[in-house]
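**Student:** Here is a sequence with its predicted model. Questions after.
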2 protein chains.
Amino acid sequence: MITAEPTIDAWFEAHRDERLESYLEFLRIPSISTLHEHAPDMVRAAEWIAAEMRRIGLENVEVSATNGHPVVYADWVHAPDAPTILVYCHYDVQPVDPIDLWETAPFEPFVKDGRVVGRGSADDKGQLHMHLKAAEALLATRGRLPLNLRFVFEGEEESTSANLPAWLAANRERLQAEAVVISDTGFFEGNVPAITTSLRGMLYAQIDVIGSPVDLHSGGFGGAVQNPANALARIITALKADDGTVLVPGFYDDVAPPSRQERFEISCLPFDEEDFRKQTGVPALIAGEPGYTVLECMGIRPTLDVNGIWGGFTGEGSKTIIPAHAHAKVSCRLVPDQDGDRLFERFRDHVLAVAPKGVTVEVQNLGTAKPLRTDTDNPVSKAAARALEATFGQAPVYIRSGGSIPVASLFSTLLELPIVMVGFSNPDDNAHAPNETMVLLNYETGLRTITRLWDDLGSMTPQAARTGGMTE
Amino acid sequence: MITAEPTIDAWFEAHRDERLESYLEFLRIPSISTLHEHAPDMVRAAEWIAAEMRRIGLENVEVSATNGHPVVYADWVHAPDAPTILVYCHYDVQPVDPIDLWETAPFEPFVKDGRVVGRGSADDKGQLHMHLKAAEALLATRGRLPLNLRFVFEGEEESTSANLPAWLAANRERLQAEAVVISDTGFFEGNVPAITTSLRGMLYAQIDVIGSPVDLHSGGFGGAVQNPANALARIITALKADDGTVLVPGFYDDVAPPSRQERFEISCLPFDEEDFRKQTGVPALIAGEPGYTVLECMGIRPTLDVNGIWGGFTGEGSKTIIPAHAHAKVSCRLVPDQDGDRLFERFRDHVLAVAPKGVTVEVQNLGTAKPLRTDTDNPVSKAAARALEATFGQAPVYIRSGGSIPVASLFSTLLELPIVMVGFSNPDDNAHAPNETMVLLNYETGLRTITRLWDDLGSMTPQAARTGGMTE
């Protein structure tokens, strides 16, 4: 086989400035999926992707309406003897608050110190853009792809993918492939290339504690009514023990205990706790659960965290009221084999059981995602490892991500496809936080990783990509 | 003695519309003392009062600058054989949030169902306005007052009166009087006329819990860092036992135990728990401390309440972060003989002692106020009771207010004056809450109560007003 790298490399070099400008243009669309007022921006972002897909020569381009934000689909399937890969990324981004902690406007991206700064630069618009630009380079230099690709780019990943499951089920027939490549993860601490082998699942709930219909004067009523904010604090405290153990009855029932091998592998990762602490800026790390290391707590153990809390007077100075109501958003990261929907019931029952008297408490399920584990012996995973080593000059480590991609498990349960998670962001890229960044070298080298991966897989038969051998 | 009531009554009748218009005009000035952006409105409100004082014939009118908002002073002291009374009210109001719960704009007052609706209508601009209008009626109909009055109207009552103590100390000489009449309290449940015989003190603190400098991705970091919102909930929960007992060490050390007589008097008050519960709109009342009734908990026992809590993502939908920081405003209502400043030290020490590891915790003292008890045998208090009964047709009850007037205790400690708290607001007037109201009949009848009180006291010698007898 004659590799096409020189031509591709020349293309990448020649179009560097234009590519960056396109990347920044894409980031300028404020595609925040959870906020209703950004619905038109979601459509703009989807149409922007579709236009790019058409321009570079992808086919069957579709901005597919759902009950929420559109799914963007395209394919190129003219390599009958080569494998077919489904590529998944998402074009929606996290909200930007606290906006005052951004050094610049989140949707006016720019390059600084070798990083692209802006909401979505890493999670996940930057990585989606890499896939578009890798396909463009191949199609522009050769007129064809070395394998068959189907792109599924969704707009609701950051809001627990409420509508993608139905879309996947409806489009099951045309989504046949050898594997799914998901680019929505990142490298390990120290910018070490990585393949992610597990994701945590998620349960996202809201607790609403309601007292009086209006705020009450704390002098006139203090001592006679239950304070919703105090009550909420009691409820939250009752969710976890002092040592971090989650107290929701049955929470750990379905947790698959980590194997010795798994714990050994984690202990081998090049992890420096003090470097990590400095990166987070916290005064001290905590191991979230007794008997586990920090890295285990982040990757293979479930968690429970308050994501937001509010109620009463939050302005400057003092206002002496008993808040009418108080609220918290609480999410759990789940590990195999926990089930978010079943846990929500238990979570709700526990909250109601520990709620103090004198207030009304409601618990809403804002969404769940299943945890996922992938197989590193898969031929596509091995090819991804080769491509990472060849382009970044370093073999990837295999990591368990603490994050969640709500829809990921569906690719294996609904479409019965193996999943390979190879992503290019960096642990210090401030995903979900102010001043999100993407290391430009990861973006640029990652383009080469992707084209190299497609070339590698394109040299295999579909059967080989599935089973690793030539026999069916 | 010939009473002047017919003339005064005619004046009150003739000027009813004009008086209401003036009242509403005063309420239109958004005099929120705790918010810096309203500083110009505070000056406008002070100048509005001063202009009224000059117009109606009060003397030595002064808008007296402080390090915060101005004190407005005026007097009329041409009744050498009559007592001198200091009148205290405040022209600042509470903030208006949650603004979305107001049915109308808080500073566009109007009359509905026999009530004046608008921020400050009851607490305390409405009552201040009553004192101006009572003095105006006396001066307009008779050209003189039946006694000597000194008015001290402050602009920082709702922000713990930071600057009035210094002003009182500096003006001590000219503030000599037989007693202070404070009109910043109200009637009892069911709109029963009342004289308030005690106020709770206050300690207002803010707890700041800081983790990372920025919000962290809850997937990437959950399990490895302490969550500031969870930590804050733990701290708040550790402030009170399940049964409502405050757990700050030493909190109850200086609480004067209530006497049998005091508890008996409280038990005689016409209090219907179910009516009161309906008024608050809560699903159930709680007695905030074991061994005490609801009414005792509101009036003669100390409390601890969260007034506001905030941190992390509070928008629509879900955002999966570990908040960088979380905050709470917490206030305690204090009873004799608790000392707010000493308790702040204990409160802070306790918060720091119970704070979980992995976060930085800071505690700020936002202000304190001393608790107060007054003497009902005082001649001015007895005169106030007579005036209330004569005008409202019902003898007043004596009540212990759960509220605080930060500066009240200073009148007794600094100026050594007896204090009489007679006010005209109503328990269901939504003071400090959205849709604050004042019962217009209380306002109108209260004007007559005030003029009658001044006439009654004007018939006494200064000595009699002080001691109840003719002997010095």
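**Tutor:** That came in fine, so what should we check first?
**Student:** Run the chain-centre distance for stretch A:148-155.
**Tutor:** 16 Å (CA atoms, centre = their mean, to the nearest Å).
**Student:** Export only the CA atoms of that stretch, formatted as PDB.
**Tutor:** Below are the C-alpha coordinates for stretch A:148-155, written out as PDB (Å, rounded to 0.1, in the frame of the first residue of the first chain):
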ATOM      1  CA  ASN A 148     -16.900   4.200   4.700                       C
ATOM      2  CA  LEU A 149     -17.900   6.800   7.300                       C
ATOM      3  CA  ARG A 150     -21.200   7.700   8.800                       C
ATOM      4  CA  PHE A 151     -21.300  10.900  10.900                       C
ATOM      5  CA  VAL A 152     -23.800  11.400  13.700                       C
ATOM      6  CA  PHE A 153     -23.400  14.700  15.300                       C
ATOM      7  CA  GLU A 154     -25.900  15.500  18.100                       C
ATOM      8  CA  GLY A 155     -27.000  18.700  19.800                       C
END
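**Student:** okay, how far is it across stretch A:137-151, tip to tip?
**Tutor:** Using CA to CA, to the nearest Å, one end of stretch A:137-151 lies 16 Å from the other.
**Student:** Buried residues in that stretch, which are they?
**Tutor:** A:137-138, A:141, A:145-151 (16 or more other CB atoms under 10 Å in any protein chain shown). Quick note: C-beta positions are derived from backbone N, CA and C, even for glycine.
**Student:** how does chain A divide into domains?
**Tutor:** A:5-199+A:372-467, A:201-256+A:274-369 (automatic domain parsing).
**Student:** residues near the residue of the stretch 351-472 of chain A found nearest chain B, how many?
**Tutor:** For the stretch 351-472 of chain A, the residue closest to chain B is A:Gly403, as judged by CB to the nearest CB, at 3.0 Å. The number of residues packed near A:Gly403 is 25, by other CB atoms under 10 Å in any protein chain shown.
**Student:** Same check on A:Phe313?
**Tutor:** 26.
**Student:** ok, how many other residues are close to the nearest residue to A:Thr237 once chain neighbours are set aside?
**Tutor:** Leaving aside its sequence neighbours, A:Thr237 sits nearest to B:Thr237 (CB to CB, 6 or more residues apart in numbering or on different chains; 4.0 Å). Applying other CB under 10 Å, we find 21 residues neighbouring B:Thr237.
**Student:** In the stretch 151-300 of chain A, which residue sits closest to chain B?
**Tutor:** A:Gly219 (3.0 Å).
**Student:** what helix or strand is that residue on?
**Tutor:** A:Gly219 is located in helix A:218-221, with elements delineated by DSSP states H and E.
**Student:** do A:Gln364 as well
**Tutor:** strand A:360-369.
**Student:** close to chain B, is that strand?
**Tutor:** Yes. For strand A:360-369, a contact with chain B is found by CB under 8 Å from any CB of the partner chain, at A:360, A:366-367.
**Student:** Tell me the one of these nearest B:Asp337?
**Tutor:** B:Asp337 has its nearest neighbour among the residues of strand A:360-369 next to chain B in A:Thr360, at 37.5 Å by CB to CB.
**Student:** Sheet partners, orientation included, of the strand holding A:Gln364?
**Tutor:** strand A:201-210 (antiparallel) (DSSP bridges).
**Student:** Any regions of the stretch 351-472 of chain A where pLDDT drops low?
**Tutor:** A:468-472 (pLDDT under 70).
**Student:** what residues does it put near chain B?
**Tutor:** With the criterion set to CB under 8 Å from any CB, the stretch 351-472 of chain A comes near chain B through A:356-360, A:366-367, A:401-404, A:427, A:430-435.
**Student:** the bottom helix or strand of chain A by mean pLDDT?
**Tutor:** helix A:218-221 (a mean of 82; mean pLDDT, DSSP states H and E).
**Student:** Give me the contacts around that helix.
**Tutor:** Outside helix A:218-221, the residues that touch it by CB atoms under 8 Å, 6 or more residues apart in numbering or on different chains are A:212, A:320-322, B:200, B:202, B:280, B:298, B:303, B:305, B:307, B:331, B:333, B:401-404, B:427, B:431-432.
**Student:** Let me know the next secondary structure element after that helix.
**Tutor:** Going down the chain from helix A:218-221, the next helix or strand is helix A:228-237, by DSSP H and E.
**Student:** May I have that following helix as CSV, with CA atoms only?
**Tutor:** Output in CSV follows, covering the C-alpha atoms of helix A:228-237 (Å, rounded to 0.1, in the frame of the first residue of the first chain):
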residue,chain,number,x,y,z
PRO,A,228,-36.5,25.8,53.4
ALA,A,229,-32.8,26.6,53.0
ASN,A,230,-31.9,25.0,56.4
ALA,A,231,-34.1,22.1,55.4
LEU,A,232,-32.4,21.8,52.0
ALA,A,233,-29.0,21.8,53.8
ARG,A,234,-30.2,18.9,56.0
ILE,A,235,-31.4,16.9,53.0
ILE,A,236,-28.1,17.4,51.2
THR,A,237,-26.1,16.5,54.2
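**Student:** neighbouring contacts of it?
**Tutor:** A:207, A:209-211, A:306, A:309, A:311-312, A:322-328, A:330, A:351, A:354-356, A:358-359, A:361, B:229-230, B:232-234, B:236-237, B:240, B:242, B:305-309, B:328.
**Student:** Let me know the helix or strand that A:Val72 is in.
**Tutor:** Assigned by DSSP H and E, A:Val72 falls in strand A:71-76.
**Student:** now swap in A:Ala287 and tell me
**Tutor:** Assigned by DSSP H and E, A:Ala287 falls outside every helix and strand.
**Student:** Who are the contact partners of it?
**Tutor:** Taking CB under 8 Å, 6+ apart, we find A:Ala287 in contact with A:244, A:293-294, A:296-297, B:223-224.
**Student:** again, but for A:Ser31
**Tutor:** Here A:Ser31 is in contact with A:38, A:41-42, A:44-45, A:91-93, A:120, A:125, A:155 (CB under 8 Å, 6+ apart).
**Student:** Many thanks, have a good one.
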